[in-house]
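> Sharing a model that was predicted from the sequence below.
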Amino acid sequence: MKFFIDTADVAEIRDLASTGLVDGVTTNPSLIAKSGRPMAEVIAEICDAVPGPISAEVTATDYATMLREGRYLASIAKNVAVKVPLTVDGLKTCKTLSDAGTPVNVTLCFSAAQALLAAKAGAAYISPFVGRLDDIGAVGMDLIADIVEIYSAYDFKTAVLVASVRGPQHVIDAAKLGADVVTLPPAVLRLMYKHPLTDKGLEAFLADWAKTGQSILGAETDTA
Ligand code: E4P
C-alpha cells in the first residue's frame, strides 16, 4: 500500500518525507489556498521534495480550459499527476491527457458508478472521499469495497486512492480491502505511530537501562 500526504505545506512534506515512508503527495485548491502561496511555486517545490506522483488540480470547469490547465500543470515537473473533478468535462480531460501519457487523478468520487467511468476514461488514480461520505451518514469504506471489487473483476489499471481520510482506522480498513493508496493528512500519519503501550514500554526499558550504568556507544569505544 502506498502512502501519499494530503497537504500543500512544503515544510511539513519535507519533514514527513525524511521518514522514507512517503510515496507521493495530493493537493487540492483548498489546500493551495491554505498555503497562501502561488500554486506553480508550491507544486514545483513539492515535486522536488518527493519523487513520487504529486497531484495538482485544475480549477477550470470546461473541457478546453481544463485541458490547457492540465497540460500547463504537467509541464511543471515530470512527476505531476493532473487532478480533475469527476464531471463530464473532467473525464473528457482525463481521457485526452491519459491517452497522451499524462497520469490523471480523478477526484471528488462518491459512487461506484463514477469510479467505473473514471477507469474507462483511463485514470491513473480514482479518489473516493471516505470521510465526506461518513460525514453525511453513509459508510465511506463500503464505496472502497465496491470499487476494489469492480476494478479487480475487469482488471482495470486505475489505482484506488482512498481520500478524505480522518484517522488511522480508515487506513486499516482501506488496507484490509486492498486499496492501492491512501492519502493522509499529516496528523493522521503521525497518529499511526502512536500507542500508549509503546510509550509505557519504552519508559520502563529506559528506566531499567539507566540502572545498569551502561552505555552502548561507550562499549563501542572500549572495544575499538
Ligand atoms: C484528496 O485528494 C483530497 O485532497 C482530500 O483527501 C480531501 O479531504 P477532506 O475531505 O478532508 O477535505
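Cool, got the structure. Numbering: from 1, shown residues only.
> Quick check: residue 206 is in a helix.
Yes - assessed by DSSP: H, G, I helix; E, B strand; the rest coil, residue 206 belongs to a helix.
> Can you show me the helices along the protein?
Here the chain has its helices, by DSSP state H, at 10-17, 29-35, 39-49, 63-76, 88-99, 112-120, 130-135, 140-154, 168-176, 186-192, 196-212, 216-223.
> Residue numbers of the protein in contact with the ligand?
The chain comes close to the ligand at residues 6, 26, 28, 107, 127, 129, 131, 132, 163, 164, 183, as judged by CB under 6 Å from any ligand atom. All C-beta atoms are positioned from the backbone trio N, CA, C, and that covers glycine.
> Swap in 8 Å and give it another go.
6, 26-28, 30-31, 55, 83, 105, 107, 127, 129, 131-132, 135, 161, 163-166, 183, 185 (CB under 8 Å from any ligand atom).
> Can you add distance to residue 2, mean pLDDT and mean neighbour count and give the helices of the chain back as a markdown table?
Converted to a markdown table, the helices of the chain look like this (distance: least, CB to CB, whole Å; pLDDT from 0 to 100; neighbours: other CB atoms under 10 Å):
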| stretch | distance to residue 2 | mean pLDDT | mean neighbour count |
| --- | --- | --- | --- |
| helix 10-17 | 14 | 97 | 17 |
| helix 29-35 | 19 | 98 | 14 |
| helix 39-49 | 16 | 98 | 18 |
| helix 63-76 | 20 | 98 | 18 |
| helix 88-99 | 19 | 98 | 20 |
| helix 112-120 | 18 | 98 | 19 |
| helix 130-135 | 16 | 98 | 17 |
| helix 140-154 | 15 | 98 | 17 |
| helix 168-176 | 11 | 98 | 17 |
| helix 186-192 | 13 | 98 | 16 |
| helix 196-212 | 24 | 98 | 9 |
| helix 216-223 | 35 | 77 | 8 |
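> Which one of those lies nearest to residue 1?
Among the helices of the chain, the nearest to residue 1 by CB to CB is helix 168-176 (5.3 Å).
> Return the list of helices and strands in contact with the closest one.
The contact analysis (3 or more CB pairs under 8 Å, 6 or more residues apart in numbering; DSSP states H and E) places helix 168-176 against helix 130-135, helix 140-154, strand 159-162, strand 181-184, helix 186-192.
> Pull up the pairing partners for the third one, direction included.
Taking DSSP bridges as the criterion, strand 159-162 forms sheet pairs with strand 125-128 (parallel), strand 181-184 (parallel).
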